[in-house]
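Colleague: let me see the structure of the following:
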Amino acid sequence: MAHPLKHKITLIFGRICAGKAYHIGDRNKIVVSDIVKEIVKASDRSALQNSMQFDIEIADKLIHEIVLDYGVRHNQEVFVDGIRQVSILERVLQVFPEAELVWIEAPVEVRKARYESRKDVKDTISFEEADNKPIELECQEIYNIFKENLTIINNY
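Modeller: Coordinates of the predicted model:
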């Protein structure tokens, strides 16, 4: 069932290291990987990228956070950083059909340089491995399926 919005919800997508968090900055945000960490009880990139089977649980927790913890209850704009599966996006859009969809684009070489320079503790595999995991390829499917509805921001 669709939830009536009195504020804006923006869903931010993009491949690994495209600059999603940079684009959002300090604004009111929900980071999907935080939800995934909580569900899979792990924080390294390999475990996080092997979480596709938890899509319904992730979507339901995300919807719950949007409704209760952020915008709807407090009537604030909210940004969602990093949905990586079509099934999660479709479930969220069932509840929030008016959400704005934004794709952050950056060339592979820029994303690779960012990945290698950030030295994040969760990055336990190479950029090439991380960028070609099924969940990253699924993220690209969001672009392919929803491109007519996306605002595309070049971040390089």
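
Colleague: strands of the protein, start to end?
Modeller: Counting by DSSP state E, the chain has strands at residues 9-13, 29-31, 78-81, 100-105, 150-154.

Colleague: can the ones you listed go into JSON lines with extra columns for distance to Ile56, mean neighbour count and mean pLDDT?
Modeller: All C-beta spots, glycine's among them, are computed from the backbone N, C-alpha and C. Below are the strands of the chain laid out as JSON lines (distance: least, Cβ to Cβ, whole Å; neighbours: other Cβ atoms under 10 Å; pLDDT from 0 to 100):
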{"stretch": "strand 9-13", "distance to Ile56": "17", "mean neighbour count": "23", "mean pLDDT": "94"}
{"stretch": "strand 29-31", "distance to Ile56": "17", "mean neighbour count": "19", "mean pLDDT": "91"}
{"stretch": "strand 78-81", "distance to Ile56": "17", "mean neighbour count": "24", "mean pLDDT": "92"}
{"stretch": "strand 100-105", "distance to Ile56": "20", "mean neighbour count": "20", "mean pLDDT": "96"}
{"stretch": "strand 150-154", "distance to Ile56": "24", "mean neighbour count": "14", "mean pLDDT": "94"}
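
Colleague: need these in TSV with distance to Lys61, can you?
Modeller: As requested, those are exported to TSV (distance: least, Cβ to Cβ, whole Å):
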stretch	distance to Lys61
strand 9-13	15
strand 29-31	10
strand 78-81	12
strand 100-105	20
strand 150-154	24
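
Colleague: so which of those gets nearest Gly19?
Modeller: Across those, Gly19 has its closest neighbour in strand 100-105 (5.2 Å, Cβ to Cβ).

Colleague: quick one: strands adjacent to the closest one?
Modeller: Next to strand 100-105 in the sheet, as set by DSSP bridges, lie strand 9-13 (parallel), strand 150-154 (parallel).

Colleague: so which of the ones you listed is nearest Glu98?
Modeller: Of the strands paired with strand 100-105, nearest to Glu98 by Cβ to Cβ is strand 9-13, at 7.5 Å.

Colleague: residues in contact with the closest one?
Modeller: The contact list for strand 9-13, computed with Cβ atoms under 8 Å, 6 or more residues apart in numbering, reads 20, 23-24, 66, 71, 77-84, 89, 92, 96, 98-104, 139, 142-143, 150.

Colleague: pick out the residue nearest the middle of this structure.
Modeller: Gly82 (1.1 Å; Cα atoms, centre = their mean).

Colleague: determine the longest helix present in the protein.
Modeller: Counting residues, the longest helix found in the chain (DSSP state H) is helix 134-146.
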